[in-house]
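Student: test case, fold it:
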Amino acid sequence: MALSDLPDWHVESLPDLVDVEETGATFLENATLKATHYSRLIEGLVLADDSGLCVHALDDRPGVHSARYAPSTEERNQRLLEELAALGPAADRGAAFFCAFAVARAGTVMWTVQSDLRGRIATEPAGEFGFGYDPIFVVSSEGKTLAQMSAPEKNRVSARGKALQELRTFLVAR
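Tutor: Residues are numbered from 1 along each chain as shown. Predicted structure coming up:
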């Protein structure tokens, strides 16, 4: 687990609880909805996240619906590539991954962060690592998809990796 090395902190997954409907318009709103909801049900700090991909030419779709854009990972990637192809070769393939975290206790938000990673959408999947949209998201500074990057490389540049570093700083300061 990403934070398991922190002294004085014990990280657990939530027990099976009723899911929170993600009705927020932004990733940060959805993370905050989940953190405040679950923090009313259990003791201690609750960390919740929301993340996704926004593609410029698609009016920032899939956005907060990234996980529900199609039934499976392969279908989500295929749908996105087909929608971009239909716009023609001049379509703006610029995109950004976003990751938002919210920490709450007893229904009150104590801390939030949102990080991003800018890049572009490839014309076809490449790479065998990662998950989700990683095979079609090209990190401009690296010249390769997230799925072509090792875990340490990806953690250094990804929106989630950046948000985790901010979370680590928050937890150590507490």
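Student: ok, Val138 - contacts?
Tutor: 119-122, 144-145 (Cβ atoms under 8 Å, 6 or more residues apart in numbering). Where C-beta positions appear, they are placed from N, C-alpha and C, glycine not excepted.
Student: tabulate these (JSON lines), appending secondary structure.
Tutor: Listed next are the contacts of Val138 as JSON lines, based on DSSP: H, G, I helix; E, B strand; the rest coil:
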{"residue": "Gly119", "secondary structure": "strand"}
{"residue": "Arg120", "secondary structure": "strand"}
{"residue": "Ile121", "secondary structure": "strand"}
{"residue": "Ala122", "secondary structure": "coil"}
{"residue": "Lys144", "secondary structure": "strand"}
{"residue": "Thr145", "secondary structure": "strand"}
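Student: for Leu81, see how far away the closest residue to Pro62 other than its chain neighbours is.
Tutor: Take Pro62 and drop its neighbours on the chain: the residue closest to it by Cβ to Cβ, 6 or more residues apart in numbering is Tyr69, 4.0 Å away. Note on Tyr69: its distance to Leu81, by Cβ to Cβ, to the nearest Å, is 12 Å.
Student: and the two? Which one has more around it.
Tutor: Applying other Cβ atoms under 10 Å to Tyr69 and Leu81 shows that Tyr69 carries more neighbours, namely 19 against 16.
Student: quick one: the more buried one from Leu80, how far?
Tutor: For Tyr69 relative to Leu80 (Cβ to Cβ), the value is 7 Å.
Student: Gly127 falls within a strand, correct?
Tutor: No - judged by three-state DSSP, Gly127 forms no part of a strand; its state is coil.
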